[in-house]
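Visitor: show me the folded form of this:
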Amino acid sequence: MAAVPSAMDRPHFIGIGGAGMSGIAKILAMRGAQVTGSDAKDSPTAEALRALGATVHIGHAADHLAPDADCVVVSSAIRADNPELVAATERGIPVVHRSDALAALMDGIRPIAVAGTHGKTTTTSMLAVSLGALGLDPSYAIGGDLDAPGSNAHHGTGEIFVAEADESDRSFHRYTPEVAIILNAELDHHANYASLEEIYESFETFVGRVRPGGTLVISADHPGTRELISRLKGASAADRLNLVSYGSADDADLRVVEVAAHGLTSEVTVELPDGGGQLTFTVSVPGRHYAHNAVAALAAGAALGVPARELAPALGAYTGVKRRLQLKGTAAGVQVIDSYAHHPTEISADLEAIRGGAGEGRVLVLFQPHLFSRTQELGAEMGEALTLADASVVLDIYPAREDPIPGVTSALIIDAAVRQGADAIAEHDKDAAVARLAGMARPGDLVLTMGAGDVTDLGPRILAHLQSPES
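Guide: Numbers count the residues shown, from 1 in each chain. The predicted structure follows:
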């Protein structure tokens, strides 16, 4: 990859509609750049970018690359034979990785980088919304939309920049945050990491990028983060940064005393460090993991000088991000909720959270596995996680950027779930899956569409089927 040009005045984005790419494109457009880009299909995100003055082409072709483009921005998902990437190489136009472009946007201000195997989008969103509610107008780049297409990024007037830091391809090594958050550390992204040891080494590299005198906020509860804490305390990194742990563990600096569920919200009580006393605030999404994400946000804000007792009530302004236990609607007494969960830990956490809001109703899941490599490595654990649902319908694997792996199918998940006594069945046809879920649901039940692929499109169809069963 080329170095980032000193000015990205005329950038071209290949795959501009993606969650990470569109955010950077939006910020550059808001800063006055002449943004162009392409994507495989049109989308509300593409339309939101056009409204900011960007030119968005549908499909990929060499002539989409403007003659005066000063750089081409790509993500790790862009293949080497993409015609626009080939044209950029032939014309000598600098090709910049998405993370390098984002790092350049954070120059000269105070970045918070949110990392971890799970919970990055939620925690980044919580910080962006709460800091905004306090009038600090941060810039931010998030891996999901807050409330409308294109709301995954903002160019603010304040001095803080909140960014989701992606470990999946090690691109978070490019950032130099003033405050870093590590929510958890588990083995995932099997195409890029061969072992948990490689995960630890990658997070250690990320911590080494924190600015001298900066702060690392890290969970005291997860085995992976506790291992990282142990390594960091024994290394020189501990001498050049402030380490603040949070969680339910007795030795946490910011200790979670209680998380009380109230339907689809939670009330969180924390013990502040240094004799600061207790603080109770509301999180407007359910589940312990979301409550702990809010506490991480609280600690990060405090590290930048935002008083915890001011930030805590502002965190209540966060009402969720799309695809993170997002209520899609209610029909015939059935609530349909969308979840991005695709790793076993995420699946279990979301099902436990939603169970607290289900009351006497059942929790029914339409699950779409994401990636052949992830299913090959974690299919059994996914099946075990689905035992927390009353019944599950499992779709075929969503391949995203991957080619099929012989013998790796959704059956790996279903078989594991059934072995654990779960009610889980396969459904290869999406229309049939929609009809099946709608037919299973009774008033009071909760239906979750779950996965990182296009299963999100099926929630509205289930609602429509519930409203008009004959359609």
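Visitor: and the helix or strand hosting Gly301, how far out from the chain's middle?
Guide: Here Gly301 sits within helix 288-303, counting by DSSP states H and E. Mean-position distance between helix 288-303 and its chain equals 15 Å (CA atoms, centre = their mean, to the nearest Å).
Visitor: could you do stretch 365-380 as well?
Guide: Offset of stretch 365-380 from its chain centre (CA atoms, centre = their mean): 17 Å.
Visitor: quick check: buried residues in that stretch?
Guide: Neighbour-count burial for stretch 365-380 flags 365-375, 377-380 (criterion: 16 or more other CB atoms under 10 Å). Heads up, the C-betas are built off the backbone N, CA and C, glycines and all.
Visitor: and that stretch, how far apart are its ends?
Guide: 17 Å (CA to CA, to the nearest Å).
Visitor: what's the average pLDDT for it?
Guide: Mean pLDDT, stretch 365-380: 94.
Visitor: now do the strands in the stretch 51-200 of the chain.
Guide: Residue ranges of the strands in the stretch 51-200 of the chain, as given by DSSP state E, counting those that start in this stretch, are 55-58, 71-74, 95-97, 110-115, 139-141, 153-154, 160-164, 179-182.
Visitor: can you redo those strands as JSON lines with mean neighbour count?
Guide: Shown next, in JSON lines, are these (neighbours: other CB atoms under 10 Å):
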{"stretch": "strand 55-58", "mean neighbour count": "18"}
{"stretch": "strand 71-74", "mean neighbour count": "24"}
{"stretch": "strand 95-97", "mean neighbour count": "20"}
{"stretch": "strand 110-115", "mean neighbour count": "28"}
{"stretch": "strand 139-141", "mean neighbour count": "26"}
{"stretch": "strand 153-154", "mean neighbour count": "24"}
{"stretch": "strand 160-164", "mean neighbour count": "29"}
{"stretch": "strand 179-182", "mean neighbour count": "28"}
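Visitor: can you tell me the closest non-neighbouring residue to Asp166?
Guide: Leaving out its chain neighbours, the residue that sits closest to Asp166 by CB to CB, 6 or more residues apart in numbering is Phe172, at 5.7 Å.
Visitor: what about that neighbour, how many residues nearby?
Guide: Neighbour count for Phe172, taken as other CB atoms under 10 Å: 26.
Visitor: OK, contacts around it?
Guide: Residues in contact with Phe172 (CB atoms under 8 Å, 6 or more residues apart in numbering) are 99, 113, 115, 165-166, 206.
Visitor: ditto for Thr265
Guide: Counting by CB under 8 Å, 6+ apart, Thr265 has contacts 282-286.
Visitor: give me the pLDDT value at it.
Guide: 80.
Visitor: again, but for the one 5 residues further on
Guide: Reading off the confidence values, Val270 has pLDDT 97.
Visitor: sorry, back to before: which stretch among the strands of the stretch 51-200 of the chain comes nearest Thr449?
Guide: For Thr449, the closest of the strands of the stretch 51-200 of the chain is strand 160-164, at 22.4 Å, according to CB to CB.
Visitor: now do the closest one against strand 110-115, angle only.
Guide: 20 degrees (axes from the mean of the first three to the mean of the last three CA atoms, to 10 degrees).
Visitor: return the distance of strand 160-164 from the chain's centre.
Guide: Distance, centroid of strand 160-164 to centroid of chain: 14 Å (CA atoms, centre = their mean).
Visitor: and what of stretch 308-315?
Guide: Centroid separation between stretch 308-315 and its chain, computed with CA atoms, centre = their mean, is 22 Å.
Visitor: what of stretch 192-207?
Guide: With CA atoms, centre = their mean, you get 19 Å for stretch 192-207.
Visitor: ok, now which ones touch the spatially closest residue to Leu134 that is not a sequence neighbour?
Guide: Closest residue to Leu134 apart from its sequence neighbours, by CB to CB, 6+ apart: Ala314 at 5.1 Å. Shown in contact with Ala314 (CB under 8 Å, 6+ apart): 129-131, 133-134.
Visitor: from Ala296, how far out is Ala314?
Guide: 15 Å (CB to CB, to the nearest Å).
Visitor: what ranges do the helices span in the stretch 1-150 of the chain?
Guide: Secondary structure of the stretch 1-150 of the chain (DSSP state H, counting those that start in this stretch): helices at 19-30, 44-51, 83-91, 98-105, 120-133.
Visitor: and the pLDDT for Met440?
Guide: Looking at Met440, its pLDDT is 95.
Visitor: what residues does it make contact with?
Guide: So Met440 contacts 364, 391 (CB under 8 Å, 6+ apart).
Visitor: and it, how far from Ala422?
Guide: 14 Å.
Visitor: Leu187 too?
Guide: From Leu187 to Ala422 the distance is 23 Å (CB to CB).
Visitor: ok, and the closest non-adjacent residue to Ile347?
Guide: That would be Ala385: by CB to CB, 6+ apart, it lies 3.9 Å from Ile347.
Visitor: name the element the one you found belongs to?
Guide: Here Ala385, judged by DSSP H and E, is contained in helix 372-385.
Visitor: show me what that helix is packed up against.
Guide: Applying 3 or more CB pairs under 8 Å, 6 or more residues apart in numbering; DSSP states H and E, one finds that helix 372-385 contacts helix 344-358, helix 411-419.
Visitor: change it to 10 Å
Guide: helix 344-358, strand 363-367, strand 391-394, helix 411-419 (3 or more CB pairs under 10 Å, 6 or more residues apart in numbering; DSSP states H and E).
Visitor: paired strands for the third one, with orientation please.
Guide: Paired neighbours of strand 391-394 in the sheet (DSSP bridges): strand 363-367 (parallel), strand 424-426 (parallel).
Visitor: export those as JSON lines, with columns for distance to Thr449.
Guide: As requested, those are exported to JSON lines (distance: least, CB to CB, whole Å):
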{"stretch": "strand 363-367", "distance to Thr449": "5"}
{"stretch": "strand 424-426", "distance to Thr449": "15"}
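Visitor: where does the stretch 1-150 of the chain dip in pLDDT?
Guide: For the stretch 1-150 of the chain, the stretches flagged by pLDDT under 70 are 1-7, 147-150.
Visitor: if you set the cut-off to 50 instead, what comes out?
Guide: For the stretch 1-150 of the chain, the stretches flagged by pLDDT under 50 are 2.
Visitor: what sits against the residue nearest to Gly301 when sequence neighbours are not counted?
Guide: If the residues on either side of it in the chain are set aside, Gly301 comes closest to Leu311, at 4.4 Å by CB to CB, 6+ apart. By CB atoms under 10 Å, 6 or more residues apart in numbering, the residues touching Leu311 are 126-127, 130-131, 133-134, 136, 279, 281, 294, 297-302, 304.
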